[in-house]
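1. Structure for the following, please:
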Amino acid sequence: MPVIKIRKILISITIILTTISGIYLLFFHHEGPIFISPIQSTMTKIISIQEVEKHKDEKSAWTIVEGKVYDVTEFLEEHPGGKKILLKNCGKDSTELFHQYHTKKILKNVAGPMMIGQVTSEAKL
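-> Residues are numbered from 1 along each chain as shown. Now for the predicted structure:
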């Protein structure tokens, strides 16, 4: 068998194995759903303001920004502005203060993973 033909067969086998591995990793080797249905995306946990008010210390620090509740407990030590300013604004709505120092991009990319629920739209602190 000529070397060129063997090489083409090996390349084809490599492509097939890579594709199969990729499909396996994409669909079977993950910790959560890859695709979120519209029903799943609307099933956000509703948290009362009274519950948020209980979480304002280093053991459990929650804050509200744009009606969404964020658990910032693990972020206290990492916050560039220091944990003191975060703790001062936990247990309440800190939307105005947040937007004085941060962009929507920060809210989405940094705080997004910390979002644990939302308060009702008519609820205000």
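
2. next one: the helix or strand containing Val69 to chain centre, how far?
-> Val69 is part of strand 68-71, with elements assigned from DSSP states H and E. Chain-centre distance of strand 68-71: 11 Å, with CA atoms, centre = their mean, to the nearest Å.

3. Report all helices and strands that it contacts.
-> strand 60-65, strand 115-118 (3 or more CB pairs under 8 Å, 6 or more residues apart in numbering; DSSP states H and E). All C-beta spots, glycine's among them, are computed from the backbone N, C-alpha and C.

4. strand partners of it, parallel vs antiparallel please.
-> Note on strand 68-71: by DSSP bridges, its sheet partners are strand 60-65 (antiparallel), strand 115-118 (antiparallel).

5. what does the last one rub up against?
-> Taking CB atoms under 8 Å, 6 or more residues apart in numbering as the criterion, the residues outside strand 115-118 that touch it are Thr44, Lys45, Ile46, Ile47, Trp62, Gly67, Lys68, Val69, Tyr70, Asp71.

6. how many other residues sit next to the fourth one?
-> By the measure other CB atoms under 10 Å, the count of residues near Ile47 is 19.

7. and the nearest residue to it once chain neighbours are set aside, how many neighbours?
-> Take Ile47 and drop its neighbours on the chain: the residue closest to it by CB to CB, 6 or more residues apart in numbering is Gly117, 4.1 Å away. Number of residues near Gly117 (other CB under 10 Å) recorded here: 17.

8. Could you give the bridge partners of Gly117?
-> Val69.

9. just to revisit the earlier point, quick one: which of the contacts of strand 115-118 is nearest to Gln100?
-> Tyr70 (16.5 Å; CB to CB).
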